[in-house]
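# Here's my sequence, what's the structure:
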Amino acid sequence: MTSSKPITVYIDADACPVKNEIYRVAERYGLTVFVVANAYINVPRTPMIERVVVEEGPDVADDWIAERAGAGDIVITADVPLASRCVKAGAGVISPKGKLFDEASMGLALATRNLMDDLRSAGEITGGPKPFSPRDRSAFLSALDLAVVHLKREGFGA
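Next up is the predicted model:
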């Protein structure tokens, strides 16, 4: 596939622990980044990084990202339903812990998320996610770098 479409990174930013890492990778590769949140978030002052503040409400930031993400784009989110929408649109999706979401993994990811949600709704104590670690940060950086290199090989961002 040959395309001159630039590679765009969309960050589901409200609780994203790897924003600074994304900024560094974006600068290295010349990527455009949209930092999407429902509150003001500081971002570096560079034309390649744009802050998008959406109105408050459930899934408003998710909808903004899902309406724009597609082939040649990378979405950073831990939100499984958003990841599913973006994968269906052809975007690459990576969790802040470096987990790649793709067509093959989305079914299990959605089922697990729904099961945990049902357990919490029923009053079960499910613990919650493990704390974010340096190993998670490293896995994320590796996954993001691989995703960018893969897209460049496919002709995006040229």
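# Just list the residues touching T8, thanks.
T8 is in contact with L31, T32, V33, F34, R68, A69, G72, D73, I74, counting by Cβ atoms under 8 Å, 6 or more residues apart in numbering. Every residue, glycine included, has its C-beta placed from N, CA and C.
# Among the residues you listed, which are located in strands?
Here DSSP state E is the test, and the contacts of T8 give T32, V33, F34, D73, I74 as lying in strands.
# Could you measure from the last one over to A83?
When distance is defined by Cβ to Cβ, to the nearest Å, I74 is 12 Å away from A83.
# Common neighbours of the two, please.
V93.
# and the residue nearest the centre of the chain, bridged to which residues?
What sits nearest the mean C-alpha location of the chain, by Cα atoms, centre = their mean, is I76, with 1.1 Å. Counting by DSSP bridges, I76 is bridged to I11, I94.
# heads up, I number from 787, so please use that
Got it, first residue is 787 now, which makes that one I862.
# so it touches P803, yeah?
No. Assessed by Cβ atoms under 8 Å, I862 is found out of contact with P803, at 10.3 Å.
# which neighbours do those two share?
Residues touching both I862 and P803 (Cβ under 8 Å, 6+ apart): P882.
# How about the secondary structure of I808?
The three-state assignment at I808 reads helix, by DSSP: H, G, I helix; E, B strand; the rest coil.
# dump the residue contacts of it.
I808 neighbours (Cβ under 8 Å, 6+ apart): V795, I797, C802, V819, I862, L930.
# Would you write a ChimeraX line that selects the buried entries of those residues?
Those of the contacts of I808 that count as buried under 16 or more other Cβ atoms under 10 Å are selected in ChimeraX with:
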select :795,797,802,819,862,930
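# if we can go back for a sec, filter the ones in strands among the contacts of T794 to the buried ones?
Buried among the ones in strands among the contacts of T794 by 16+ other Cβ under 10 Å: T818, V819, F820, D859, I860.
# Make CSV out of those and add pLDDT.
Below are these laid out as CSV (pLDDT from 0 to 100):
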residue, pLDDT
T818, 96
V819, 98
F820, 98
D859, 97
I860, 98
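# so where do the strands sit in this structure?
Along the chain, the segments classed as strands by DSSP E run 794-798, 818-823, 835-839, 859-862, 878-880, 886-887.
# In JSON lines, list those strands along with distance to V811.
Formatted as JSON lines, the strands of the chain follow (distance: least, Cβ to Cβ, whole Å):
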{"stretch": "strand 794-798", "distance to V811": "8"}
{"stretch": "strand 818-823", "distance to V811": "9"}
{"stretch": "strand 835-839", "distance to V811": "12"}
{"stretch": "strand 859-862", "distance to V811": "10"}
{"stretch": "strand 878-880", "distance to V811": "11"}
{"stretch": "strand 886-887", "distance to V811": "15"}
